[in-house]
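# Make a model of this:
(chains A, B, C and D)
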2 protein chains.
Amino acid sequence: MTPDLRDELKQRKPFVSLEQEAQLSIVRTSMLLFDAFEQLLKPHGISSTQYNVLRILRGAEPTGLCRNELRDRMLTRMPDVTRLLDRMEQADLVTRERSSEDRRLVRTRITKKGARLLRQLDDVVEQEHQRRLGHLSREQLKSLISLLSVVRQKT
Amino acid sequence: MTPDLRDELKQRKPFVSLEQEAQLSIVRTSMLLFDAFEQLLKPHGISSTQYNVLRILRGAEPTGLCRNELRDRMLTRMPDVTRLLDRMEQADLVTRERSSEDRRLVRTRITKKGARLLRQLDDVVEQEHQRRLGHLSREQLKSLISLLSVVRQKT
DNA sequence: TGACATTCAGTGTTATAACACGCATATTTC
DNA sequence: GAAATATGCGTGTTATAACACTGAATGTCA
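Numbers count the residues shown, from 1 in each chain, chains lettered A, B, ... in the order given. Purely as a prediction, here's the structure:
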């Protein structure tokens, strides 16, 4: 019933292994969701990476986070957080302030404008999640979440 | 037993919905697999995108594919296939030839060097899939593949 | 306390992705 | 069969990602 990935990508040969098919399925599905998410955000003027940062910083209020803490919590690898934050600071979405206790650290916090934007997006984003995944049952979702967690165990 | 994504990302608040948790789990898992894959390929001098192109072109022998067919079969969205192929042509991994029947088309094919590189990588790549996903049972893998296919149904 | 190592943020540079546009070739329509 | 439309590829440009390196601040240890 459900068409397999091989058809989707018009592949002639079968997959080498279930493991390979699973990995490609994960990456493929992720890319589709990720791209759709970016398109959704685009009219609002931020990328999904920036959105991710805002979400993290909202959760880290009122203390904020330093650059590396933020980087470690991000969904996707981001080697150049500094300039990402530069742009967000310029857009008045975040503020940065050097810590007085440890002057190596720069504490980043979300601004009111950032928080307002995020609040506007909350509904839009949740609707998107429903649109993309709402056709799965609760059991299917739980099973999927659990299986992916097992995958991530092996780093 | 399996630690959840919330712990992994040090999130304080629970997820808004199962749908959201599932989407984030998919994207997170994909990024980990994808990054590991890129690191694996790096010593061999190609990116995962280029690897993907080579795989597709190997499967499309002996006719090859035109640019847009290739783009449509790629695992990830790629708006700038032309310059990707430019680089690969320069590295002698692919050849391009304008079609004589329809002179709008440019047929791209894998070179011997590209095919050789790919052959070298076959084992390495399959080992990587085993390393990342080999700890799941066949039933778990099938279930995961099937669930992801259901997710993709809603475009 | 002074030398050494470590941690943190930022910078310089190159490579790649993203987007809008343009030109050539085919196809359609009247 | 000429004009209009569609399709396919390439290019110019800007934005962002990736990587290696620098310098400041802190911690460590003799």
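# CA only for contacts and neighbour counts going forward, please
OK.
# what residues does chain A put near DNA strand D?
Residues of chain A lying near DNA strand D by C-alpha under 7 Å from any atom of the strand: A:Thr49, A:Arg77, A:Met78, A:Pro79, A:Asp80, A:Leu84, A:Arg87, A:Ser100, A:Glu101, A:Asp102, A:Arg103, A:Arg104.
# Quick check: closest non-adjacent residue to A:Arg104.
A:Arg98 (7.5 Å; C-alpha to C-alpha, 6 or more residues apart in numbering or on different chains).
# quick one: the one you found from A:Ile110, how far?
As defined by C-alpha to C-alpha, to the nearest Å, A:Arg98 lies at a distance of 15 Å from A:Ile110.
# neighbouring contacts of the longest helix belonging to chain A?
The residue-count maximum for a helix in chain A (DSSP state H) belongs to helix A:18-41. Contact partners of helix A:18-41, identified using C-alpha atoms under 8 Å, 6 or more residues apart in numbering or on different chains, comprise A:5, A:15, A:47-48, A:128, A:132, B:23, B:26-27, B:29-31, B:33-34, B:75-77, B:126, B:129-130, B:133-134, B:138, B:141-142, B:144-145, B:148-149, B:151-152, B:155.
# what ranges do the strands span in chain A?
Assigned by DSSP state E, the strands in chain A fall at A:65-66, A:94-98, A:106-110.
# most packed of those strands?
Of all the strands of chain A, strand A:106-110 has the most neighbours on average by mean count of other C-alpha atoms under 10 Å in any protein chain shown, namely a mean of 22.
# for that one, packing partners?
helix A:48-59, strand A:65-66, helix A:67-73, strand A:94-98 (3 or more C-alpha pairs under 8 Å, 6 or more residues apart in numbering or on different chains; DSSP states H and E).
# ok, now with 6 Å
strand A:65-66, strand A:94-98 (3 or more C-alpha pairs under 6 Å, 6 or more residues apart in numbering or on different chains; DSSP states H and E).
# could those go into a markdown table alongside distance to A:Leu118 and mean pLDDT?
Listed next are those as a markdown table, based on distance: least, C-alpha to C-alpha, whole Å; pLDDT from 0 to 100:
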| stretch | distance to A:Leu118 | mean pLDDT |
| --- | --- | --- |
| strand A:65-66 | 18 | 93 |
| strand A:94-98 | 12 | 93 |
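# For DNA strand C, find the nearest of those strands.
Ranking the helices and strands packed on strand A:106-110 by their distance to DNA strand C (criterion: C-alpha to the nearest atom of the strand) puts strand A:65-66 first, at 3.8 Å.
# dump the residue contacts of the closest residue to A:Gly64 other than its chain neighbours.
In space, and not counting its chain neighbours, A:Gly64 is closest to A:Arg109: 4.6 Å by C-alpha to C-alpha, 6+ apart. Neighbouring residues of A:Arg109 by C-alpha atoms under 6 Å, 6 or more residues apart in numbering or on different chains: A:Gly64, A:Val94, A:Thr95.
# Let's see that with 10 Å instead.
A:Arg109 makes contact with A:53-54, A:56-58, A:60-66, A:89, A:93-97, according to C-alpha atoms under 10 Å, 6 or more residues apart in numbering or on different chains.
# thinking again about what came up before, now the longest helix of chain A against helix A:48-59, angle please.
For helix A:18-41 against helix A:48-59, the angle by axes from the mean of the first three to the mean of the last three C-alpha atoms, to 10 degrees is 80 degrees.
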